[in-house]
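After the sequence you'll find the predicted model.
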Amino acid sequence: MKWKETAGVLAVLIVLLGLPMMLKYWRTVGMIHRYPPNTKVIRLTAVADGGLWTQDEIVGYNYWWRKPTRAGEIALNQGDHVVVQLHSADVLHSFAIPLLHIGPVEVPAGHTVEVAFDANRPGDLTFLCWQVCSPEHSKLQGDFIVKSNGSEDSW
Amino acid sequence: MATAERILTEPVPQEIEKKPWRFDVFAHLPWLKGLVRMRSFQFLVILPNLFLFYLFLIAGFFGTPIGNRNIIIVFVWILWWFVLIAVMMPFGSRLWCTMCPLPFFGDWLQRRSVVGVRSGKSPGTLNKFFGLQKRWPKRLSNIWLQNFGFLFLATFSALLVTRPLVSAIVFGVLILLAAGMALVYRLRTFCNYICPISGFLSLYAMTSTVELRSADKEVCLKCTTKSCIRGSDKGWACPWNVYMGKLDRNNYCGLCFECVKSCPNDNISLYLRPFSTSDVALRGYDEVWKACIMLMLAFSYSIVLLGPWGWLKDWANISEKHNWGGFGMFAAGQALLALVIFPALFYLSIRLGKWYARADDVSTKELFLKYAYMLVPMGLLAWIAFSVPLIMVNGSYIVSVASDPLGWGMNLLGTAEFPWKPLWPQWVPFAQVPILLAGLYFGLRGLHKVGSQLFKDPTQLFRSMIPPAVLLLGVTVLFLKLFIG
């Protein structure tokens, strides 16, 4: 009987410790390894309340009292292969980078939508929400600033 | 007398009353008995649910705030709720309590064991328990707290069933409360008197097609050890404080099967029985009000969630609309309907029936308590009817969320982007109508059964039944109006 008790306690501990560790591993390591090496993964979440794109994680515990930081300018290096993971914390948004002819891509609430591009030339790449999502829709924009490595012209 | 009236009013023969049909499952499936007698049985059925509920809690705090993309909302309020109310309740009694992870940590603290059993001495038992082992106050030894707790949660249901964080906090609080109470009070006081889920499970378990009972009550009376309630070196004292020798209703048996393990006479078995025929006696006002609250909440939910009145939805939806005045009206109206208006209507129907039947030898209280059984099958089936569209319309969320439980962008099963696709929505009313009519039938049959125990005169029985039967019919018509327009 003693071994059953020990096995039972071990099973509970495995659940209590193993599950968050597994999730943490997926979040920090597993997810990144889905992409080719040297890929720059950027997470952007659209928030209607306040009208902003943020790199902060909007999850259950901070959703109601969130004060997310506006992702105004995101620095990239020329030559970066970029994957943007798009999320919406509330309503249906839409993402576009007009200069690269990317989008508009629908970003439904709770879904993860990916957009990839190569930052081949230095300059500013404005990204924005492409559909009227909320009263503060017009504020939903930001810039990728691609820094030059000295080899090419700007956009 | 017309045939229909004769069928309705004929008293139930005494021999049927005494020996209802039941099928001894353990006698026919000895392996099942062997399984539940294993000390690790309950632990093994709780463990997967512990894993799932832990995942739900993590998802509630750290997953997406979007309800239909978060496992805690989709799995709990669509899948679990439907399985609980439409499958487990009618066909498994309190089977959920067998596998419920909420009191797991409380039990662990109290028993200092997850599988084994400790013999020894604790107040009223022959097991060694830890904690203060205080007795729960007698005044609170009823389901009133569960009634108010459930009504309170139901009032905030728009938040509870759409906001992952709110669901996670509620389940987290219930787990902590169960653990804290296990350290202070004896046995499963939390499950018996506090858990809001347990409250309605206790009521609707009465209708279930399974029961755990002693095979021979005489054996129990002669038993000197009373191990089922006092415990032994083979099983813990009944966590629900039930003595199997006197158990005649499913209400407060949590199907933990400890008595099957501890009974020295091998006198406990699991039985199958017909739906809504055996436990037909409500024994207190707390149980009657529970029946009223549950039926009226099913009604209120049907109005708010399935009805066409947008303003009412806005009132209930406090998290989005922030209309506290409207929400206050909704909350007060719902509480008034469940706690005052419907019980008053039911009481009035009882008084009318008593007056019409000239039933001076039966007290109003007895009639009120006994005839309230009609609300039990009706309430359960109304809840099932209400829950049918939940699973048929929103069931496809289960497929996508199973692949991405936290809304983090996982795709474990390759179905993360499975589209929302209602399953035969045009057939929903065709499923709801027969379920509701079955509720009416079983309600009326229960009314007749308890009535025939009170009245030997068929005319008196018939007359006493008419007003409550009309009330039940009225409720059914209102539900039908809501469901099919």
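Received, thanks.

Helix, strand, or coil at the most centrally placed residue in chain A?
Geometric centre of chain A, nearest residue: residue A:43, 1.4 Å, by Cα atoms, centre = their mean. Three-state call for residue A:43 (DSSP: H, G, I helix; E, B strand; the rest coil): strand.

Tell me the secondary structure of the residue lying closest to it once chain neighbours are set aside, please.
Nearest residue to residue A:43 in three dimensions, chain neighbours excluded: residue A:85, at 4.7 Å (Cβ to Cβ, 6 or more residues apart in numbering or on different chains). Where C-beta positions appear, they are placed from N, C-alpha and C, glycine not excepted. Put simply, residue A:85 is strand when judged by three-state DSSP.

Show me what residue A:85 is bridged to.
Per DSSP bridges, the residues bridged to residue A:85 are residue A:43, residue A:114.

does it really touch residue A:40, like I thought?
No - contact between residue A:85 and residue A:40 fails when scored by Cβ atoms under 8 Å: they sit 11.3 Å apart.

how about the residues of chain A near chain B?
A:1-2, A:4-5, A:8-9, A:11-12, A:15-16, A:19-20, A:23, A:26-27, A:31, A:58-61, A:63-64, A:85, A:87-90, A:109-112 (Cβ under 8 Å from any Cβ of the partner chain).

Using the record's domain definitions, break chain A down for me.
In the domain annotation for chain A, the residue ranges read A:1-34, A:38-147 (automatic domain parsing).

Pick the most buried one from those.
When the domains of chain A are scored by mean count of other Cβ atoms under 10 Å in any protein chain shown, the highest mean neighbour count falls to domain A:38-147 (a mean of 18).

distance between the ends of that one?
Length of domain A:38-147, first residue to last, Cα to Cα, to the nearest Å: 17 Å.

what does the lengthiest helix in chain A contact?
In chain A, taking DSSP state H as the definition, the longest helix is helix A:2-13. Here helix A:2-13 makes contact (Cβ atoms under 8 Å, 6 or more residues apart in numbering or on different chains) with B:39-40, B:43, B:47, B:50, B:108, B:113-116.

Chain A next: which of these are close?
Answer for those near chain A (Cβ under 8 Å from any Cβ): B:39-40, B:43, B:47, B:50, B:108, B:113-116.

Just the ones of those in helices?
Filtering the ones next to chain A among the contacts of helix A:2-13 for helices - DSSP H - leaves B:43, B:47, B:50, B:108.

The first one touches residue B:117, doesn't it?
The one in question is residue B:43. No - at 11.7 Å, residue B:43 does not count as touching residue B:117 under the criterion of Cβ under 8 Å.

These two: which is more packed in?
residue B:43 (23 against 20; other Cβ atoms under 10 Å in any protein chain shown).

Please give me every residue in contact with that one.
When contacts are counted by Cβ under 8 Å, 6+ apart, residue B:43 touches A:8, B:114-115.

from the residues you listed, which is closest to residue B:221?
Closest approach to residue B:221 among those (Cβ to Cβ): residue B:115, at 32.0 Å.

pretty sure that closest one is touching residue B:46, no?
No - between residue B:115 and residue B:46 there is no contact under Cβ under 8 Å: 10.8 Å.

what pLDDT, on average, does stretch B:408-423 get?
Across stretch B:408-423, the average pLDDT comes to 92.

Give me the distance between the closest residue to residue B:302 other than its chain neighbours and residue B:314.
Excluding its sequence neighbours, the residue lying closest to residue B:302 (Cβ to Cβ, 6+ apart) is residue B:482, at 4.8 Å. From residue B:482 across to residue B:314, the span is 18 Å (Cβ to Cβ, to the nearest Å).

Ok, residue B:65 next?
21 Å.

ok, the closest residue to residue B:304 other than its chain neighbours - contacts?
Leaving aside its sequence neighbours, residue B:304 sits nearest to residue B:316 (Cβ to Cβ, 6+ apart; 4.9 Å). For residue B:316, the contacting residues are B:157-158, B:304, B:327, B:330, by Cβ under 8 Å, 6+ apart.
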